[in-house]
Structure formats: structure tokens, C-alpha cells
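1. based on what follows, work out the 3D shape:
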Amino acid sequence: MKMIKKTSFLSAAMLACAGAFVPAHAEDALRIGLIATYSGPYADYGRQFDAGVALYLKEHGGKIAGRKVEIVKKDTAGPAPDAAKRIAQELVVRDKVKVLTGLDFSPNAYAVGAIATQAKVPTIVMNAASSAITSSSPYVARLSFTVQQVTDPMARWMLKQGVKEAYTVVADYASGQDAQTAFKKAFTAGGGKVVGEVRTPMSNPDFSAYVQRIKDNKPQAVFFFFPSGVMPPAFLKVWKERGMEEAGIKLFATGEATDDSFLEATGDVALGLVTSHHYSYAHPSAKNRKFVKDFEAQFGTSMRPNYFAVTAYDAMAAIDLALAKTQGDVSGDKIMEALKGLAFESPRGPVEIDSATRDIVQTVYIRKTEKAGGKLVNAEFDKFDRVKDPAKEGS
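-> Below is the predicted model:
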């Protein structure tokens with residue numbers, strides 16, 4: 001009996017090795033490694049990713065390109081590049097995944113890029129928004145957005161509304177610095193003037209001091225960027241308490257400030273805020289109405305779908321479409337080539353993957369936080385079509 005078991009094990013091992021050299025059969029499960037945050041203060045990110053993936057797979061009978069899909073999930077518990085790199089290596093070597101995805105934080109995405117290059121495993125970024133991520137590896141494509149991509153249109157839109165002077169307030173980390181740089185570049189190029197800049201610490205900033213300083217300076221407008229979660233509502237609360245609107249100072253931000261996942265908890269302090277972003281739960285397309293309806297049917301209404309869920313859904317669609325083009329060939333080079341120039345309709349609107357940069361090209365919407373049916377929503381009222389990452393313009 002022992003001999004039979006040993007022989008069976010060796011045979012299985014030989015077959016597994018052989019699988020590296022012969023095309024997989026249609027009935028073999030396609031293993032996809034999903035690296036995300038499932039614990040700690042950012043656990044909502046992983047939940048939203050899971051929901052988007054589950055919705056796409058449910059729509060398609062649990063299959064991609066005719067193959068059953070097995071999602072292998074791994075938790076980084078937040079920004080942890082060393083852990084992300086180790087996890088990616090385990091997923092490729094031990095779990096034999098053919099695609100890596102997830103990646104909510106930019107440091108994690110950069111770390112995984114090194115493994116993607118080494119192993120030639122296609123990697124689809126579902127959120128990480130630092131511009132250079134797709135430049136760090138030829139095996140990385142992004143379906144989410146970049147901070148510059150949603151900031152630049154806001155600067156240009158403000159200029160069109162006659163705003164000529166602005167003060168910027170950003171969180172002091174890479175994405176905040178990206179937002180500050182992109183805003184200043186676009187705003188000054190259009191004839192505007194940045195009259196003040198401030199970078200706040202990520203943990204427990206005293207917004208009252210910053211807001212009072214702004215009030216004393218009396219700028220025409222303020223643009224701010226904070227990561228979604230606890231910082232935007234804290235800032236908005238102080239803004240209201242200090243009577244900034246009554247003082248005639250206009251306020252603008254990127255969509256992280258009114259992330260659909262946190263908007264109800266943020267409350268009425270968000271009312272009237274104008275933001276720029278690539279997805280709103282209230283986006284009026286038929287595809288998004290179906291997406292929201294299916295999301296609520298499967299997961300209830302306590303968690304509202306946000307841009308994480310939509311990108312996860314789109315990442316599955318992109319893998320599906322790419323494998324249709326490769327006729328099921330899962331080699332890294334073939335999949336990456338198939339992803340270039342891919343275009344399809346997302347719940348957020350039309351999207352495409354730039355063939356030169358492997359980065360997302362999409363509509364950026366200008367929205368205003370309003371109440372509709374008793375709910376706070378980001379109501380879209382203007383847009384910029386086919387926006388590329390401005391940091392890669394000319395690529």
C-alpha cells in the first residue's frame with residue numbers, strides 16, 4: 001500500500017511538472033492569486049475586491065474562457081511590500097497561479113512587479129495608483145486609475161469655472177505628493193496660481209490649525225487629497241465648523257474624499273462637495289444599474305459597491321477577454337500582448353488599456369455630493385473623456 005501511494009505521488013508530481021510544458025486542458029482550473037488587505041483598518045479593500053470578482057464569476061458560471069476559476073487569496077494586512085513580495089513568490093512557485101492580481105497599495109504593487117518580471121506572470125493591478133507601477137515591469141497592467149489621472153481634470157475644470165487662485169492640502173505620502181504635483185502643474189499651465197501648499201501627517205492631524213491658516217489666507221478655493229477612510233470626514237467636519245463656505249472659500253477634492261464605501265458614514269458634511277473620479281455608485285448607465293442591483297442582491301445593502309469592487313470586476317473581464325484572444329494560452333507574454341489595446345464597457349463607462357503603457361484610459365467624471373432617495377451619492381454632471389495618466393502623456 002505504501003508503495004502504491006509513493007508511486008501515485010511521484011506520478012502526480014511528474015504530471016504537475018509536465019503541465020509547465022504543455023497547454024492546460026480546458027477543464028483545468030485557472031488559478032489566480034489575489035493579494036489584498038483582508039485584516040486591519042483597510043480590510044474593506046479586500047472585501048470590495050472579493051465582491052467584484054464574485055459578481056463577474058457568478059455572471060459567467062464560475063468560468064473564464066471556458067475554464068473553472070480558482071481564486072487563491074492572500075492577506076498583506078495593509079501596505080507591506082516585503083510581505084507582498086514573499087506572498088507573490090509563494091503564489092507562483094507553490095500555488096502555481098497563472099495570474100496575479102489585487103494589489104491595493106502602491107508599495108505592494110512595486111514589490112510584486114519584481115516577481116512578475118522574474119516569473120513572467122501577468123499581473124493585473126486592481127487599485128494601486130502610483131504612476132510608475134506599470135513602468136516597473138513589462139508584466140504589469142492596471143485596470144484602476146492613477147492619482148494624477150483624476151487630479152489633473154479637476155484642476156482644469158476649476159479653471160473653466162473661473163477659479164484662478166487655489167490652496168492645496170494633501171496627506172504627506174506618495175499619492176498625496178502626486179496629487180499636489182499634478183494639480184499644481186495643470187492649474188498653473190492654465191493660468192491659475194497656487195497661493196499655498198500644505199502636507200498633513202497621515203495619523204491624527206490637527207485639521208483645525210490647517211483650516212484656520214487657510215481661512216486667514218482667504219484663498220478663492222481649496223483643493224484637497226486624502227486617502228479614503230477616516231481623514232476626509234475629519235477634514236470636512238472642521239471645514240464646516242469653521243464656516244469656510246460662509247467665508248466664501250470654495251472646496252474641491254478627488255473622489256477618495258467621498259468614497260462610496262464610506263459616504264454614508266461621512267454624513268452631511270460631504271453635501272455639496274465637488275470631486276473628480278472614475279466611478280460613482282450612482283453612475284447612470286444600464287451596465288452600472290445592473291452591477292449595483294446584482295451586488296445588492298448578493299451582498300445586501302450594508303456594503304455599497306465602490307471603485308475597488310468595479311475594478312475587480314473589470315480585472316476579471318480583462319483576463320477573460322485576453323484569454324479569448326490567446327485562445328486559452330496562459331503564457332505571460334501572450335496574455336500581456338493580448339491585454340494591450342483591450343477595450344470594453346465597464347460599469348464605470350468605456351475603458352481601455354493603453355497599448356504603449358499598459359495603463360488604464362477612461363472617463364473621469366466631475367461629481368457633486370447630493371441626496372437622492374434619502375441616500376448620499378456622488379452625482380455626475382460633467383466629464384473628461386478618454387483620460388490617460390498625464391504623467392505618461394506622449395508615451
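2. could you pull out the strands for the stretch 151-300 of the chain?
-> According to DSSP state E, counting those that start in this stretch, the stretch 151-300 of the chain carries its strands in the segments 165-171, 193-200, 221-225, 250-254, 274-277.
3. contacting residues around residue 392?
-> The contact partners of residue 392, taken as CB atoms under 8 Å, 6 or more residues apart in numbering, are 131, 354, 357, 359. (Glycine included, C-beta is placed from N, CA and C.)
4. mind saving the C-alpha coords of stretch 73-93 as PDB?
-> Once side chains and other backbone atoms are set aside, the C-alpha atoms of stretch 73-93 remain, and they are given as PDB (Å, rounded to 0.1, in the frame of the first residue of the first chain):
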ATOM      1  CA  LYS A  73      -6.500  34.900  -1.700                       C
ATOM      2  CA  LYS A  74      -3.600  36.200   0.400                       C
ATOM      3  CA  ASP A  75      -3.700  38.900   3.100                       C
ATOM      4  CA  THR A  76      -1.000  41.600   3.400                       C
ATOM      5  CA  ALA A  77      -2.900  43.400   6.300                       C
ATOM      6  CA  GLY A  78      -2.100  46.800   4.600                       C
ATOM      7  CA  PRO A  79       0.900  48.300   3.000                       C
ATOM      8  CA  ALA A  80       3.600  45.700   3.400                       C
ATOM      9  CA  PRO A  81       6.000  45.400   0.400                       C
ATOM     10  CA  ASP A  82       8.200  42.700   1.900                       C
ATOM     11  CA  ALA A  83       5.100  40.500   2.700                       C
ATOM     12  CA  ALA A  84       3.600  41.200  -0.700                       C
ATOM     13  CA  LYS A  85       6.800  40.000  -2.500                       C
ATOM     14  CA  ARG A  86       7.000  36.900  -0.400                       C
ATOM     15  CA  ILE A  87       3.300  36.100  -0.900                       C
ATOM     16  CA  ALA A  88       3.600  36.600  -4.700                       C
ATOM     17  CA  GLN A  89       6.600  34.200  -4.800                       C
ATOM     18  CA  GLU A  90       4.600  31.600  -2.900                       C
ATOM     19  CA  LEU A  91       1.600  32.000  -5.200                       C
ATOM     20  CA  VAL A  92       3.800  31.500  -8.300                       C
ATOM     21  CA  VAL A  93       6.100  28.700  -7.000                       C
END
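5. contacts for it, please.
-> Applying CB under 8 Å, 6+ apart, the external contacts of stretch 73-93 come out as 33-42, 46, 50, 72, 97, 100, 103, 105-112, 114-116, 119, 121.
6. how close does the residue lying closest to residue 44 once chain neighbours are set aside sit to residue 101?
-> Among residues not flanking residue 44 along the chain, residue 261 sits closest, at 5.7 Å (CB to CB, 6 or more residues apart in numbering). With distances defined as CB to CB, to the nearest Å, the gap from residue 261 to residue 101 amounts to 19 Å.
7. out of these two, which sits in the busier spot?
-> When neighbours are counted by other CB atoms under 10 Å, residue 101 comes out ahead of the other of residue 261 and residue 101, with 27 against 20.
8. how many neighbouring residues does the nearest residue to the more buried one once chain neighbours are set aside have?
-> Sequence neighbours aside, residue 124 is the residue nearest to residue 101 in space, at 4.4 Å (criterion: CB to CB, 6+ apart). Applying the criterion other CB under 10 Å, we find 28 residues in the vicinity of residue 124.
9. on the three-state scheme, residue 124 is what?
-> strand (DSSP: H, G, I helix; E, B strand; the rest coil).
10. isn't it right up against residue 141?
-> Yes - Residue 124 is within contact range of residue 141, at 5.7 Å (criterion: CB atoms under 8 Å).
11. need the overlap of contacts for those two.
-> Between them, residue 124 and residue 141 share these contacting residues under CB under 8 Å, 6+ apart: residue 318.
12. what residue is smack in the middle of this structure?
-> The chain has residue 127 as the residue nearest its centroid, 2.6 Å off, counting by CA atoms, centre = their mean.
13. that one contacts residue 306, doesn't it?
-> No - at 10.3 Å, residue 127 does not count as touching residue 306 under the criterion of CB under 8 Å.
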